[in-house]
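> please find the sequence and the predicted model below.
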Amino acid sequence: MPSPVVSHAMMPAPLTLPSQKQQSVIGLALAVLVAGSWLGIHAYAMFVFELSWQNWPLALVMAVVQCWLSVGVFIVCHDAMHGTLTPAYPKIADRIAAVLLFLYAGFGWKTLRDAHHTHHRLAGRAGDPDFDEHNPAHFFKWYWTFFKRYFGWQSLIFVHTVVGIYWLVLDIPMVQIVALYGAPALLSSLQLFYFGTYRPHNHASSASFADQNNARSDQFGTLLSLATCFHFGYHLEHHRRPDVPWWALPAARKAGVGQDMTEKAGSQ
């Protein structure tokens, strides 16, 4: 079967990444920072913190930070799916992602990994597990489809078991469980979906897609990109260069990976 012809106008710009060992050290250090903070805040919020009317502002801050860190945990696992978390030590990346996804909501590592690779093969088309072909411009209907596809019975059993232990065995108030465990988890799924799936792939925008990846990138600066979705909003760059880890996506953007080469040449 002949190889598909790729227009030079759509060829990604060159980008130099660190060596595999350097990339692995950076990826592992950031994974420990993100996942360690996520687990630490959760442990403090559940087993040390005592929610009251006086400390609601602190609880709100913790919930917001935990929501953001939950997105970061998914992005770390996403790097593992592409072999970019610790490329020199792929088995370590697999184990880290498997543990983190299970702790988040009882998700299965291999199931999510295979679904994500299918997403890359069929981005924005029928068969893409991240796409709702029947509602390609409707946020809430698409999100509900997305939620049902990934949040299955295993996750329901896991979450109900954790909540039951916290509430009935450890006597943690339900309002504290909801505010500092349930709400950040659910809101992080909305944040990840909106910035990492809906905005890049929806058909509601008047802007057309640049190529067969059916993806577009946000025009956010580096700090806002980090705050919204750990640079996953640089989505066309990711689809064109899935070998680039999340923390190097700003460099990919600066290199013009998400820009057509004809446009880049015309702007110079």
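Cool, the structure landed. Residues are numbered from 1 along each chain as shown.
> can you get me a residue count around Gly40?
11 (other C-beta atoms under 10 Å). C-betas here are computed from N, CA, C, even on glycine.
> what's the next secondary structure element after the host helix or strand of Val64?
For Val64, the element it lies in under DSSP states H and E is helix 56-81. Downstream of helix 56-81, the next assigned helix or strand under DSSP H and E is helix 90-105.
> which outside residues touch that following helix?
Contacts to helix 90-105, defined as C-beta atoms under 8 Å, 6 or more residues apart in numbering, come from residues 27-28, 31, 35, 39, 70, 73-74, 76-77, 79-81, 83, 85-87, 107-109, 112-113, 151, 155, 158-159, 185.
> just want the angle from the lengthiest helix in the chain to helix 56-81.
Across the chain, the helix with the greatest residue count (assigned by DSSP state H) is helix 20-47. Interaxial angle, helix 20-47 versus helix 56-81 (axes from the mean of the first three to the mean of the last three C-alpha atoms, to 10 degrees): 150 degrees.
> other SSEs contacting helix 20-47?
Contact here means 3 or more C-beta pairs under 8 Å, 6 or more residues apart in numbering; DSSP states H and E; on that basis helix 20-47 packs against helix 56-81, helix 90-105, helix 174-177.
> now these as TSV including mean pLDDT?
Output for these, formatted as TSV (pLDDT from 0 to 100):
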stretch	mean pLDDT
helix 56-81	98
helix 90-105	97
helix 174-177	97
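> output these in JSON lines, with mean neighbour count and distance to Leu190 appended to each entry.
Shown next, in JSON lines, are these (neighbours: other C-beta atoms under 10 Å; distance: least, C-beta to C-beta, whole Å):
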{"stretch": "helix 56-81", "mean neighbour count": "20", "distance to Leu190": "9"}
{"stretch": "helix 90-105", "mean neighbour count": "18", "distance to Leu190": "14"}
{"stretch": "helix 174-177", "mean neighbour count": "14", "distance to Leu190": "19"}
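> how about the longest helix of the chain: buried residues?
Residues of helix 20-47 classed as buried: 23-24, 26-28, 30-31, 34-35, 37-38, 41-42, 45-46 (neighbour count, 16 or more other C-beta atoms under 10 Å).
> which of the helices and strands packed on helix 20-47 sits closest to Ile165?
helix 174-177 (10.2 Å; C-beta to C-beta).
> contacts for the closest one?
45-46, 49-51, 59, 163, 166-167.
> surely Val65 and Gly40 touch.
No: using C-beta atoms under 8 Å, Val65 makes no contact with Gly40, being 10.7 Å away.
> can you name the residues in contact with stretch 233-240?
12, 120, 123, 195-196, 199-201, 210-211, 213, 215-218, 220, 225, 232, 244, 249-250, 252-253, 257-258.
> filter those down to the buried ones.
12, 120, 123, 195-196, 199-201, 210, 213, 215-218, 220, 225, 232, 244, 249-250, 252-253, 257-258.
> contact partners for His120?
So His120 contacts 239, 242 (C-beta under 8 Å, 6+ apart).
> may I see the buried residues of the host helix or strand of it?
Using DSSP H and E, His120 sits within helix 109-121. Within helix 109-121, the residues scored as buried using 16+ other C-beta under 10 Å are 109, 112-113, 115-116, 119-120.
> distance between it and the chain's centre?
Offset of helix 109-121 from its chain centre (C-alpha atoms, centre = their mean, to the nearest Å): 13 Å.
> before we move on, what about stretch 65-84?
Worked out by C-alpha atoms, centre = their mean, stretch 65-84 lies 5 Å from the chain centre.
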